[in-house]
Every structure is written in structure tokens, then in C-alpha cells.
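S.K.: Pasting the sequence and the predicted model now:
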Amino acid sequence: TDAVPIACPCPCRVSSVLNRDVKQFGKKHMFDASEETCWNSDQGTCQWVTLDFPRTVKVSELHIQFQGGFSSRLCTLEGCRAGEELVKISHLYPEDIHAMQISFVEETVLDKLRITFENSTDFFGRIVVYHLGVLGERL
């Protein structure tokens, strides 16, 4: 495919950060390409990540690397164009492993993407993401 990384850098929000320790566990660590750092959510159900793209993109792939034991068996992707309400795009069913996982999504044109982690494999609902990549094309 001609898909290229489009997620980063762009404004990003997350549902929570473990112990509010953004220096150690903040959202920026999902995009720093380091094997040592990660975003670690606090406990609680349905953690999420929202990406606000600076310009419209067509998303075709999602690359995500969880920490085994702190992944999500079900991820809901929602997206929208600027000024619109989020609408459901698709569901992903990642494995509970540490390896990079690649999901192909129906090509969708959007300005905002939210990934909701619906079903954490951690008893307390924590999610740990080492790498998050969104691929597609900038329009």
C-alpha cells in the first residue's frame, strides 16, 4: 500500500495517565518510537485516545503495540470531520500480546479519530501502549 504514517505529531488527548505521572507515562510516549517508554492509563473502564489531525486525512491502517496483560480485546474506532460528531467506523479485536499489531480499517476520511479500549485484559482496566501509528494519506 501507499499508506504513510500520519498520526504524529498531532494534538492528542488520552482518558487518563497512571498516577497523573505524565513525565513517565504520558501520551507522548506512544509516538516517540522508543521500546522503553509507553502511555500507561490509570485504572477504570473504557480508556481512550483521541487524535486531532491538523488537516484532513484518509486513514487505512492502525498499528498498535500494547504491553501483554494490559491490552484491550475490543477497540472501537470512531471518527469525524471537523465540527461534526464522532461516528463509529469499526471494531478491532487485538490479541493480548506485546508484539506490534496491524489492523486494516475501511478507508475513512476524517479530521479526528478516537480509539476506545472497551475490554481491558487488566483486572483494573489499565491500558499500556508502547506504540500507536495511524497510516493513510493526507488529503
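M.R.: The structure has been received and is ready for your questions.

S.K.: only C-alpha atoms for contact and neighbour calcs from this point on.
M.R.: Will do.

S.K.: Show the secondary-structure elements that the longest strand along the chain is packed against.
M.R.: Looking across the chain with DSSP state E, the single longest strand is strand 47-66. Secondary-structure packing of strand 47-66 (3 or more CA pairs under 8 Å, 6 or more residues apart in numbering; DSSP states H and E): strand 12-14, strand 101-117, strand 128-138.

S.K.: mind checking how far residue 107 is from residue 133?
M.R.: With distances taken as CA to CA, to the nearest Å, residue 107 is found 15 Å from residue 133.

S.K.: who's more crowded, those two?
M.R.: Using other CA atoms under 10 Å, the more surrounded residue of residue 107 and residue 133 is residue 133, with 18 against 14.

S.K.: Please report the distance of residue 11 from residue 116.
M.R.: In terms of CA to CA, residue 11 sits 17 Å off from residue 116.

S.K.: The closest residue to residue 58 other than its chain neighbours: how many residues sit nearby?
M.R.: Residue nearest to residue 58 in three dimensions, not counting chain neighbours: residue 109, with 4.2 Å by CA to CA, 6 or more residues apart in numbering. By other CA under 10 Å, 19 other residues sit near residue 109.
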